[in-house]
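K.L.:
Have a look at this fold, sequence not included:
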């Protein structure tokens, strides 16, 4: 099977990306967990090592301020957004549009959000 790349923007302390990898058949090549808080990313990494050690090797942690910059390092097969979009809803339409465009531009053709 084709390797699956997952993007988890605004991850905070959520282990959702790791939990999904545990449920998928082998083939997930990477989960990019991104957040604007370095402290949250460090705590998430520790938590995944402790609670989801079997999938820790495919986890990456990226510092990213979604309100201030576009995300363009890669294309993803799946984007998991369980809270960042809600936060941008109240930040104003310009930030919301910028965020949505950034996610759209990060999807592979045929990918899921």
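P.N.:
Received it, and whenever you're ready, just let me know what you need. On a predicted model such as this, the values are computed, not experimentally measured, just so you know.

K.L.:
Any idea which helix or strand in this protein has the lowest mean pLDDT?
P.N.:
Here the helix or strand of the chain ranked lowest by mean pLDDT, DSSP states H and E is helix 84-89, holding a mean of 77.

K.L.:
was I right about residue 88 contacting residue 99?
P.N.:
Yes: under the contact definition of CB atoms under 8 Å, residue 88 touches residue 99, with a separation of 4.8 Å. From N, CA and C alone the C-beta is placed, and that goes for glycine too.

K.L.:
just for the protein, where's the confidence low?
P.N.:
The chain contains residues with pLDDT under 70 at 1, 67-73, 91-92.

K.L.:
where exactly do the strands run in it?
P.N.:
All strands of the chain, identified by DSSP state E, fall at 4-9, 28-35, 59-63, 76-79, 107-112.

K.L.:
separation between the residue nearest to residue 111 when sequence neighbours are not counted and residue 28?
P.N.:
Counting by CB to CB, 6 or more residues apart in numbering, residue 111 lies nearest to residue 77, which is 4.9 Å off, once chain neighbours are set aside. With distances defined as CB to CB, to the nearest Å, the gap from residue 77 to residue 28 amounts to 9 Å.

K.L.:
what's residue 22 in contact with, if anything?
P.N.:
52, 54-55 (CB atoms under 8 Å, 6 or more residues apart in numbering).

K.L.:
Mind putting the strands of the chain into CSV with distance to residue 22 and mean neighbour count?
P.N.:
Conversion of those to CSV gives the following (distance: least, CB to CB, whole Å; neighbours: other CB atoms under 10 Å):
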stretch, distance to residue 22, mean neighbour count
strand 4-9, 12, 25
strand 28-35, 9, 21
strand 59-63, 11, 16
strand 76-79, 15, 20
strand 107-112, 18, 12
